[in-house]
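no sequence on this one, just coordinates:
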């Protein structure tokens, strides 16, 4: 009896000895507070990543699966002994993190171990805790006067350099004029800067048309050479006279600049930002309330969408702020009350935008009591004004009238939480100056801005929750009677008792940093006269909203400064591009199945070479596998061909060299099953073991290049009698049915193996290079079928040439012609070309008497006179478009010079008519056919208003006389 009890206890103890595998999937941030963080090590700041699938199999074949929860945690049970753990299904904007500590998406452990997995966003990357910042600064006067060439305009400095006026001048006022929106291309080290209208400060007039260049975006290279990147037509952004026409003086003289007063915030451009891949520059068009996407290579507009408008009076909507973050664009819109003149109508919205359209993230009522601008004046936001006389003049001198505009959006992290920071500028700060005159040129006035900075906590569903009573998430600022709910998180936006709202609209921060920078007036929070009427960034603590530091970019005694009006603009961090790593493991494939099974050991001491190109002749790096068979190559070039090779001193003529870790070993069967767990190496024609690699963009690490080795009794599959069929699914960019050099494979596409009666026998997915393979097939007749993904909904043309480079599936069914395989035959030419859903596009822009009159009323024309419509038709796809026709809803078919356009080609069609009385609208529609026979079309409206001779008609746009 005692023996039985003893045996029972022993069995229970054995069962309980197998522990659960647990771990955390988290987002690796570059900084941990003010210090550079260790990649792969979970820091308190770093947020969890939920929804990641974790699957595991042990050496006995037991399987378990879990999905990470809101805290990024998972737990796997029922496994014992050696275990393989795989991570998958994380958000596409995240990539595997850096270094040996981060762990790859496939890891090996023993039951009871803790296995973490780190991901990162390449947009977050910085290599130092002290990168550069850039900002625009504003000085009074024209751009074409002698002093303008010596007047600073765009500045660069180290983010933790707080010394006064310590910076490098990137560009002067005579080179750029007034700018706001800034964006930085980390890869090419180019700065983009968008022109901006501010009263009392000048714009360039590079084309000499008599109007300021309010619709120009500039590009500045790493050597500070400046070019005009893109210019919107005047009709697209609105107009204002050039500096001479506005009467702008030298920088130390006052000016009326009456025309600019009402047009500030109503014409020109708002914020700009680059897409994650740096291929598209996005810009907000204030005049049209539109978002544009401009190709950074071709400088063509590829995207133009209307921004949502939820204002009570649609004419009161002003879009401005823009931020590219985590696979979305975030666009800020403010309802400014210019037309309604009701304070209760003031509010701001942030929308996320991607291929699925716009979604509202947060709505912020702007009716709360805020801090005073000066001496208890300006304690609330007010509707926008049209006239100088509507502004309040405190003591007859200080202009105070906070007019809100959501101007910048940033994201920050603290204690594992993610926050959205919203910065509001005060339009009055842009309509006034320092010791400058009113719109009639009289008096001496000082503008005082009254912007604000708010914070919201991001939720897992993509929505945001605004701070209240100074609290947000697990952070607490102050309940000081200022801000939503009677408190504000960033409570140190004051200068003691003088000013309680010094923010000027531009913000910047580094992921994981302890602070956020906000462009402000009087940025150094010290009660000294030397801080007054200065401007630059003020840094707030993300822990509790307190003051950390400040920096002056201008001093009050410099000629032409803007003092406490808006004297600085946008802020942008200048950082390095994220490096690229590849790796991962050389292992002993004990059972010869080509899969990294649990319990199969890594091989230490294997010498690997990295060679540029498609062979091993141009070696640029060498590494040796560690005790677990792991390896890493770092700092690779983006979008570049490399070859990983086993050194010939260890592997030669198709087998391992005696006296080395690879003695009597050969390479296992490559590319079997899932790419994450299979072997990628092949034996080249010279007998050397190689993996050909093409890197992707900066920061897109790939730790899945594995090499399996077997004893020479376990031969690769291609030497056995089993047949196989494969090969390649690719993106046919130009829809010609041929695999061209600039086209690439598509990963994770589902492929079915069919019999001759179309019954499904097997299924697999393409690897990251677009390759697929079905192996160990018996002789017989087979077909393959490709399943179309949502973003590639069409097949390209079939059988267009060379069998090894064309597409072999039916464009309607995705099924190939039958292939008869004999014993041991390996057929590697069943390819499929896919076509992008949104890549066939045509654009039509219609003009009435040379005006892009999309909205009524359009140009004012005299009844009975001649009107000319111009139709610009452009092929903005990658393939030829044919059967092009232009139909006008009022005028019928329009005669055009041709009916076929090559990619990027355009043509001009014209038509004349006689002006009719009253409001007139006609819509131009262009139709065409792509090489697949699919219809491609676009439309554009146009308007005019026909009046009788002698009748005066007044037209307004955005509430301003345009």
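It's in. Computed from a predicted structure; not experimentally measured.

going by C-alpha atoms from here, please, whenever you check contacts or count neighbours.
OK.

so, low pLDDT: which residues of the chain?
Applying pLDDT under 70 to the chain flags the ranges 1-17, 529-530, 712-721, 768, 791, 837-839, 932, 950-962.

can you list the domains in it?
Per the record, the chain has its domains at 16-125, 132-574, 579-704, 720-835, 842-961, by automatic domain parsing.

deepest in the core, which of those domains is it.
By mean neighbour count, with neighbours taken as mean count of other C-alpha atoms under 10 Å, domain 132-574 ranks first of the domains of the chain at a mean of 22.

now do the same end-to-end measure for it.
Domain 132-574 has an end-to-end distance of 5 Å (C-alpha to C-alpha, to the nearest Å).

hey, where'd the strands end up in the stretch 301-450 of the chain?
301-306, 317-325, 328-335, 347-354, 357-365, 392-394, 398-400, 404-414, 417-426, 434-436, 445-447 (DSSP state E, counting those that start in this stretch).

now these as JSON lines including distance to residue 876?
Output for those, formatted as JSON lines (distance: least, C-alpha to C-alpha, whole Å):
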{"stretch": "strand 301-306", "distance to residue 876": "7"}
{"stretch": "strand 317-325", "distance to residue 876": "24"}
{"stretch": "strand 328-335", "distance to residue 876": "22"}
{"stretch": "strand 347-354", "distance to residue 876": "20"}
{"stretch": "strand 357-365", "distance to residue 876": "20"}
{"stretch": "strand 392-394", "distance to residue 876": "50"}
{"stretch": "strand 398-400", "distance to residue 876": "48"}
{"stretch": "strand 404-414", "distance to residue 876": "31"}
{"stretch": "strand 417-426", "distance to residue 876": "35"}
{"stretch": "strand 434-436", "distance to residue 876": "47"}
{"stretch": "strand 445-447", "distance to residue 876": "46"}
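
residue 32: which of the ones you listed is closest?
The closest of the strands of the stretch 301-450 of the chain to residue 32 is strand 404-414. By C-alpha to C-alpha, the value is 9.3 Å.

and the closest one with strand 417-426, angle?
160 degrees (axes from the mean of the first three to the mean of the last three C-alpha atoms, to 10 degrees).

who does strand 404-414 pair with, and is each partner parallel or antiparallel?
As defined by DSSP bridges, the strand partners of strand 404-414 come to strand 417-426 (antiparallel).

so what's the gap between the strand it pairs with and the chain middle?
Between the centre of strand 417-426 and the centre of its host chain there is 18 Å, according to C-alpha atoms, centre = their mean, to the nearest Å.

what bridges to the nearest residue to residue 888 once chain neighbours are set aside?
Excluding its sequence neighbours, the residue lying closest to residue 888 (C-alpha to C-alpha, 6 or more residues apart in numbering) is residue 924, at 4.5 Å. Applying DSSP bridges to residue 924 yields these beta-bridge partners: residue 888, residue 940.

isn't residue 924 up against residue 886?
Yes. If you go by C-alpha atoms under 8 Å, residue 924 and residue 886 touch, sitting 6.8 Å apart.

what does the helix or strand harbouring residue 235 contact?
Following DSSP states H and E, one finds residue 235 within helix 234-237. Residues outside helix 234-237 that contact it (C-alpha atoms under 8 Å, 6 or more residues apart in numbering) are 214, 215, 267, 268, 269, 285, 286, 287, 288, 851, 852.

at 6 Å what do you get?
215, 267, 268, 287 (C-alpha atoms under 6 Å, 6 or more residues apart in numbering).

ok, now which ones touch residue 705?
By C-alpha under 6 Å, 6+ apart, the contact set of residue 705 is 583, 584.

on that earlier part again, distance to residue 711 for the domains of the chain - can I get that in a markdown table?
As requested, the domains of the chain are exported to a markdown table (distance: least, C-alpha to C-alpha, whole Å):
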| stretch | distance to residue 711 |
| --- | --- |
| domain 16-125 | 20 |
| domain 132-574 | 44 |
| domain 579-704 | 5 |
| domain 720-835 | 16 |
| domain 842-961 | 50 |
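
nearest to residue 710 among those domains would be which one?
Nearest of the domains of the chain (C-alpha to C-alpha): domain 579-704, 5.3 Å.

now the terminal residues of that closest one, how far apart.
By C-alpha to C-alpha, the extent of domain 579-704 from end to end equals 17 Å.

got it, and stretch 101-116?
End-to-end distance for stretch 101-116, by C-alpha to C-alpha: 9 Å.

what's in contact with whichever strand or helix holds residue 928?
Element membership of residue 928 [criterion: DSSP H and E] is strand 918-929. For strand 918-929, contacts defined as C-alpha under 6 Å, 6+ apart pick out 881-890, 935-946.

on that earlier part again, can you put the contacts of helix 234-237 in TSV and add distance to residue 34 and secondary structure?
TSV is the format used below for those (distance: C-alpha to C-alpha, whole Å; DSSP: H, G, I helix; E, B strand; the rest coil):
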residue	distance to residue 34	secondary structure
215	38	coil
267	40	coil
268	38	coil
287	40	coil
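
now the two most distant members of those residues.
Largest separation among the contacts of helix 234-237 by C-alpha to C-alpha: 215 and 287, giving 9.9 Å.

relative to residue 867, how far out is the residue nearest to residue 888?
Distance from residue 924 to residue 867, counting by C-alpha to C-alpha: 15 Å.

ok, now residue 873?
Distance from residue 873 to residue 867, by C-alpha to C-alpha: 20 Å.

what distance separates stretch 894-902 from the centre of its chain?
36 Å.

meant to ask about stretch 550-561, not that
34 Å.

which residues sit against it?
Here stretch 550-561 has contacts from 139-140, 162, 164-165, 251-252, 523-524, 533-539, using C-alpha under 6 Å, 6+ apart.

okay, now that stretch: how far is its last residue from its first?
End-to-end distance (C-alpha to C-alpha), stretch 550-561: 18 Å.

could the contacts of helix 234-237 be laid out in CSV, adding distance to residue 35?
CSV is the format used below for the contacts of helix 234-237 (distance: C-alpha to C-alpha, whole Å):
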residue, distance to residue 35
215, 40
267, 42
268, 40
287, 43
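
of all the strands of the stretch 301-450 of the chain, which one comes closest to residue 38?
Among these, the nearest to residue 38 by C-alpha to C-alpha is strand 404-414 (16.1 Å).

just want the angle from that closest one to strand 347-354.
Counting by the same axes, to 10 degrees, strand 404-414 lies at 60 degrees to strand 347-354.

quick one: strand 404-414 to strand 317-325, angle?
Using the same axes, to 10 degrees, one finds that strand 404-414 and strand 317-325 are set 20 degrees apart in direction.
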